[in-house]
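A.B. asks: What shape does this take:
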Amino acid sequence: MNMKHNSATTRHIRRTATALLTVAMLVSASSAWALNKDDVLRLQSSGLSPDLMVQVIRASTDPVTLTPAEVDELRAAGVAQPVLDELCMRIAGGCTPGAAVPGVGPAIPGVGPSLDAEMQRQQQLEQERLRMEQERLEAEAAAMRQRIAAEQAQNQQMTGAFQGLATADRAYDQGRYTEAAAAYNEFLTSAGALPSSAEYYEALCGFVRAMHARDYRYVIRSRALEAVLAGPSKPHFEEMFGILVDVSNDAQFLDPRFEELGTFPISGLSQSFQDEFNFFLGRYFWQYNDSTRAIALFNNISDGSPDKAKAHYLAASMLLNEQRNQDAYGQFEAAIRRASETGNAEVMELAYLALARIAYEVGQYDAALYYYQKVEDLSFRHPRAMFETMWAYFMKQDWERMLGAVHSLHSPYYAVRFWPDLYVVEAAAYLAICNLDEAEDTLLTYHDIVDPIREETNAFIATATPPDYWNGMTGYYDSLGTNDPIALPLETVRYVLSQAEFLNRLEFMGQLRMESALLATDAASLGTFGQQADTQLTSDLQTKEIEAGLEISMLVRSFAQELDEWNLHAQTVGIEISTSRIQIIDATMEGQGGGEAGSSVFVLAQDWQLWPFEGEYWLDEVDNFRGGITNYRSDTTGQCINPAFSANLSEE
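C.D. replies: Numbers count the residues shown, from 1 in each chain. Okay, the predicted model is just below:
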């Protein structure tokens, strides 16, 4: 096999060498004579590839001495089409490349290009390129004309828009706020001004300013915040911030983007503005229970700020929720001092009540009583302070003062207040000193007053839907001054109205209704914004009414649960009264009398007095009554004694 392999290799090398020699000879001679048919056949027989044969033919500088007939003979001899194409290009007069020869199969497509065809193709390509270039230039010219026309139209539009801004400014100055807002809004939505441009900012602030003057809050909340978030370097930053504060208060607007305000450098602005800014942002974090950031902002408020007392109070409330009572106590005291200096009675009373409740919770009832007495008689918080004072005396078992406080709470000055536990606690106090008749009478009064309210409230809950709760509350306002009945008991309604969260909700709903009424007039003038705002507000009102109904439902159910619980307490007191009567009867039958009556003599302050008879009240003395009642509970046995037996003992 090696021999065969070597022989084959040798033959291949010999054949290649011969072909190369032939090529060399032809190439070297190509400048002296031209190629003929025999030369071509010799090249083919030498084993040259068609591409190499084409190169040899192209190397000749003289015309090829072939006729078209000889080309056909070469085709019949099996000469490759690329070689024939090259020969046709060099024959004087030319021939037809790839033409069929009779008796020979179809010509094989060649790869050698025709010079004329190539030139023609290049001309066509150039013409196509020129045509496309011309079309491109024409398209660019048309686009430029369109841009110029658009810019001209935009310039005309902007010119008109700027004239509209001037018109809006005049309308605002003349108090035509809806007209001004419509013009500002037209610029914002149609003029094409970039949001980063000074013109856009001026129009935005003008719109917010005009809508705010028109008493809108809820529908402008996003744009008011957008104007403020433009930054403190803008000319209307302080004005827009003041409007945002109103929007936040009246529309209960809280937005996570408020946190961005904390990154603004405001140290260069006035101290009064910094105080207002820090209080607003601190209150935002207070509402989200972020005590760290809230208290840090509250601490940055200067002592001269009217918000400093409120800041101390809010900080104290957060510390109290975190059970940091000592820190909270210090903040409440600071709030009282600052409120006293600025005449802020509201914060002062709230702080006193808070301190009283802290003392009450830890059993320091005398301290609690001290703080409760700080609430002014004419304050609307005074009834609550009196009620909690009654409880402090009850916990101290200071029955005379406790019953004096109860007498005050029954006065006409507190007639609109309803405390279902008042009668139960009063009966329990009478029971504690074994005034059993008074205890029973008080329980009877409790059942006469409270049972119908409890039953009617529970009956309403059994069938009510969320809209029913909302309608029940609005029906109360609609019926004021009339004899029309309301769905809920009056005491239940008053309980709901006493809850701060519902009052806030009610105020918020009032704002939404007012803006809805305004939009009924202004929506058409405000264009797309007015239509969208009207649609959104209508939807939000429906949603908020459902939410309000659910909130009222929770409050009413809580009230009903409280009534049920105090009804159980009343039953317990009633059972204990009956038990005490049985004990008195048993002791009397045994001739024991039950022991000695406890003393009712207390060392009292001079501003305390016995009420002369039930039903007499004086406003300046309403929280200074005490009861002159004998204690019939035995100090020895702890049981009630027979009052008649006690009187006999005292006569002896």
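A.B. asks: pLDDT-wise, which helix or strand of the chain ranks last?
C.D. replies: Every helix and strand of the chain was ranked by mean pLDDT, DSSP states H and E. The lowest is strand 609-610, at a mean of 42.
A.B. asks: quick one: secondary structure of residue 234?
C.D. replies: Here residue 234 is recorded as coil under DSSP: H, G, I helix; E, B strand; the rest coil.
A.B. asks: can you tell me the helix or strand for the spatially closest residue to it that is not a sequence neighbour?
C.D. replies: Leaving out its chain neighbours, the residue that sits closest to residue 234 by CB to CB, 6 or more residues apart in numbering is residue 201, at 6.2 Å. The C-beta positions use only the backbone N, C-alpha and C, and glycine is treated the same way. In the assignment (DSSP states H and E), residue 201 maps to helix 198-213.
A.B. asks: so how far is residue 43 from residue 55?
C.D. replies: According to CB to CB, to the nearest Å, residue 55 and residue 43 sit 11 Å apart.
A.B. asks: Give me the more crowded residue out of those two.
C.D. replies: residue 43 (22 against 14; other CB atoms under 10 Å).
A.B. asks: what's the pLDDT at the more buried one?
C.D. replies: Reading off the confidence values, residue 43 has pLDDT 79.
A.B. asks: does it sit in a helix or strand, and which one?
C.D. replies: Using DSSP H and E, the element containing residue 43 is helix 37-45.
A.B. asks: now that helix, how far from the chain's geometric center?
C.D. replies: 93 Å (CA atoms, centre = their mean, to the nearest Å).
A.B. asks: helix or strand right after it?
C.D. replies: Immediately after helix 37-45, counting by DSSP H and E, sits helix 50-59.
A.B. asks: Show me what counts as buried in that following helix.
C.D. replies: The neighbour-count check on helix 50-59 (16 or more other CB atoms under 10 Å) flags 50, 52-54, 56-57 as buried.
A.B. asks: Give me the angle between that helix and helix 37-45.
C.D. replies: Relative orientation of helix 50-59 versus helix 37-45 (axes from the mean of the first three to the mean of the last three CA atoms, to 10 degrees): 150 degrees.
A.B. asks: Can you show me the CA trace of helix 50-59 as PDB?
C.D. replies: Provided in PDB are the C-alpha atoms of helix 50-59 (Å, rounded to 0.1, in the frame of the first residue of the first chain):
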ATOM      1  CA  PRO A  50     -11.000  26.900 -14.700                       C
ATOM      2  CA  ASP A  51     -10.000  29.800 -12.500                       C
ATOM      3  CA  LEU A  52      -6.300  29.400 -13.200                       C
ATOM      4  CA  MET A  53      -7.000  29.000 -17.000                       C
ATOM      5  CA  VAL A  54      -9.000  32.300 -16.800                       C
ATOM      6  CA  GLN A  55      -6.000  34.000 -15.200                       C
ATOM      7  CA  VAL A  56      -3.700  32.700 -18.000                       C
ATOM      8  CA  ILE A  57      -6.000  34.000 -20.700                       C
ATOM      9  CA  ARG A  58      -6.200  37.400 -18.900                       C
ATOM     10  CA  ALA A  59      -2.400  37.500 -18.800                       C
END
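A.B. asks: That helix packs against which elements?
C.D. replies: Applying 3 or more CB pairs under 8 Å, 6 or more residues apart in numbering; DSSP states H and E, we find helix 50-59 packed against helix 2-29, helix 37-45, helix 81-90.
A.B. asks: any idea how far the last one is from the chain center?
C.D. replies: Read it as helix 81-90. On CA atoms, centre = their mean, the centre of helix 81-90 falls 84 Å from the chain's centre.
A.B. asks: list the helices and strands that helix packs on?
C.D. replies: So helix 81-90, by 3+ CB pairs under 8 Å, 6+ apart, packs with helix 37-45, helix 50-59, helix 68-76.
A.B. asks: With distance to residue 508 as added columns, please give the ones you listed in CSV.
C.D. replies: Shown next, in CSV, are the helices and strands packed on helix 81-90 (distance: least, CB to CB, whole Å):
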stretch, distance to residue 508
helix 37-45, 103
helix 50-59, 91
helix 68-76, 100
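A.B. asks: of those, which approaches residue 530 most closely?
C.D. replies: Residue 530 lies closest, by CB to CB, to one member of the helices and strands packed on helix 81-90: helix 50-59, at 81.4 Å.
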